[in-house]
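S.K.: okay, here's the prediction I keep looking at, along with the sequence it came from:
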Amino acid sequence: MAIEDAQAERAYLTRWCLLFARSQAMLEDAAARAGAAGQTRDCDPIFAMEAWAPSEHVDELAAYAKQQGFIFECRPPAPDENPPTLMRNTPRVEAGEDLVNFYMTPGYWTWDPSSIIFVSFAIFFAMILADAGYAALLSVGLLLMWRKLGRPTTADARLTKAADLEQGEPVTQQTAGQRFRPMLLLIAVTSLVYGVLVGSYFGLTPPADSLLGHLHLLDMTNSRMMMGVSVLVGASHVMLANVMDARRYADWRDGLASWGWAAAVGGGVLAAVGFAAPSAAFLKAIGGGVG
C-alpha cells in the first residue's frame, strides 16, 4: 500500500513538470539576455560593447575602427576568464574537431586534441572491427562514395556564399563530405591493416603457410597478448595526453606534474613488460627507475 501511495503521489506531482520546464526556459532566456546586456553600455550618444574575437581578426577590427572613427581596445584574456573555444586545424585532420565536439568542447586554457582523436578514433575502430574482409567492403563503399562526398550540399553553398559576401572575394571552403574524406580513408586503411595482422577475413583464418598466413602476426585467441596490446595502446594515450598537457604551459615548471605522470605510466609499462617477458627482464629495472 505504501508503494501504491508513492506511485500515486508521483503521478500527481508530474502534472507540474511541463510548467516547471517552461518556467526554467523563461528564466534561462532572461539570464541570457541579462548577460548580453551586461556586455553593452548604452548612454546616448555613447554606445560601448565588449566581446571575444579571434586573435587573427584583431588587426582587421582595428582597421575597421579607424575607418569608422570609433575607439577600439583589445587585450589578451586574463587567467581567471574563460573565453569561448575556437579550434583551428589543417583540412586533413579537421574532422577531428567534430569528434571532439561530439563529446565536449575543450576549454580555452587546455590543448586541442583534434589531431590525436583523429588518429585514435581510426585505431580503436580498427581494433573493434578486427576483420580485413569487412574492412575491404568499407574501402569499396568509400571508393564508390568518394566523388559524392566532395559535392557541395545546399547548406555548404549557403556558407560559401555568405563567406564570399563577408570577405568581398571568392572563398574556398570545404564541404561537410570533404571534411570527413581523410578520416574515412584513414579508418578504412587502418582497419584493413589491423584485420590482416589479426588474420581475420569474414571470420575465417587463412592457412599458416599462405601469404596472408605469414602476415598473421596477432593471435586474437591469445587473451594475454591481446590484453597486453590493449594496455599498451591505452597507456600510450595516457602518456601522450600528459605530454601534450605539459607542453601548453609557458613556464616548463608548471608542466612538471604532467611530465611526472607520463614518466610514471611509461615506467609502469616497461616494468610490466619486464615481468611478463623474462628475456626483457632489464626493462623491469629501467621501468622501476623511471616510475
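M.R.: Received it, and whenever you're ready, just let me know what you need. Numbers count the residues shown, from 1 in each chain.
S.K.: wasn't Arg41 part of a helix?
M.R.: No: Arg41 is assigned strand when assessed by DSSP: H, G, I helix; E, B strand; the rest coil, not a helix.
S.K.: Gly35 versus that one, what's the distance?
M.R.: Separation of Arg41 from Gly35 (CB to CB, to the nearest Å): 14 Å. Using the backbone N, CA and C atoms, a C-beta is placed for each residue, glycine as well.
S.K.: before we move on, what about Phe47?
M.R.: Phe47 sits 18 Å away from Gly35, taking CB to CB as the criterion.
S.K.: next, count neighbours for Arg248.
M.R.: Residues lying near Arg248 (other CB atoms under 10 Å) number 13.
S.K.: scratch that, Cys74
M.R.: 12.
S.K.: isn't it up against Ala62?
M.R.: Yes: Cys74 lies in contact with Ala62 (CB atoms under 8 Å); the separation is 7.5 Å.
S.K.: ok so Ala6 is a helix residue?
M.R.: Yes: according to three-state DSSP, Ala6 belongs to a helix.
S.K.: count the residues that sit near it.
M.R.: Ala6, neighbours per other CB under 10 Å, totals 10.
S.K.: Arg33 too?
M.R.: Neighbour count of Arg33, defined by other CB under 10 Å: 10.
S.K.: what helix or strand is it on?
M.R.: Per DSSP states H and E, Arg33 falls inside helix 17-37.
S.K.: can you pull the buried residues of that helix?
M.R.: Neighbour counts over helix 17-37 (16 or more other CB atoms under 10 Å) mark no residue as buried.
S.K.: CA-only coordinates of it in CSV, if you can.
M.R.: The C-alpha coordinates for helix 17-37 follow below in CSV (Å, rounded to 0.1, in the frame of the first residue of the first chain):
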residue,chain,number,x,y,z
CYS,A,17,6.8,19.0,-15.0
LEU,A,18,5.8,21.0,-18.1
LEU,A,19,5.1,24.1,-16.1
PHE,A,20,8.5,23.8,-14.4
ALA,A,21,10.2,23.2,-17.7
ARG,A,22,8.6,26.3,-19.3
SER,A,23,9.4,28.4,-16.3
GLN,A,24,13.0,27.2,-16.3
ALA,A,25,13.3,28.0,-20.0
MET,A,26,12.0,31.6,-19.4
LEU,A,27,14.5,32.1,-16.6
GLU,A,28,17.3,30.8,-18.8
ASP,A,29,16.3,33.2,-21.6
ALA,A,30,16.1,36.1,-19.1
ALA,A,31,19.6,35.2,-17.7
ALA,A,32,21.0,35.1,-21.3
ARG,A,33,19.5,38.5,-22.1
ALA,A,34,20.9,39.9,-18.9
GLY,A,35,24.3,38.5,-19.7
ALA,A,36,24.2,40.1,-23.2
ALA,A,37,23.1,43.4,-21.7
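S.K.: what's the offset of it from the middle of its chain?
M.R.: The chain centroid and the centroid of helix 17-37 are separated by 31 Å under CA atoms, centre = their mean, to the nearest Å.
S.K.: list of residues touching stretch 219-230?
M.R.: Residues from elsewhere that reach stretch 219-230 (CB atoms under 8 Å, 6 or more residues apart in numbering): Met127, Ala130, Val198, Gly199, Ser200, Leu218, Ala276.
S.K.: just to revisit the earlier point, pLDDT on the helix holding Arg33, on average?
M.R.: In this model, helix 17-37 has a mean pLDDT of 90.
S.K.: now Thr90. Its backbone dihedrals?
M.R.: Phi and psi for Thr90, reported as degrees, to the nearest 10, are phi -70, psi 160.
S.K.: could you measure it against Phe118, distance?
M.R.: Using CB to CB, we find Thr90 at a distance of 10 Å from Phe118.
S.K.: the two - which one has more neighbours?
M.R.: Phe118 (22 against 10).
S.K.: contact partners for the nearest residue to Ala136 once chain neighbours are set aside?
M.R.: In space, not counting the residues next to it along the chain, Ala136 is nearest to Leu192; the distance is 6.4 Å by CB to CB, 6 or more residues apart in numbering. By CB under 8 Å, 6+ apart, Leu192 lies in contact with Ala132, Ala135, Ala136, Ser139.
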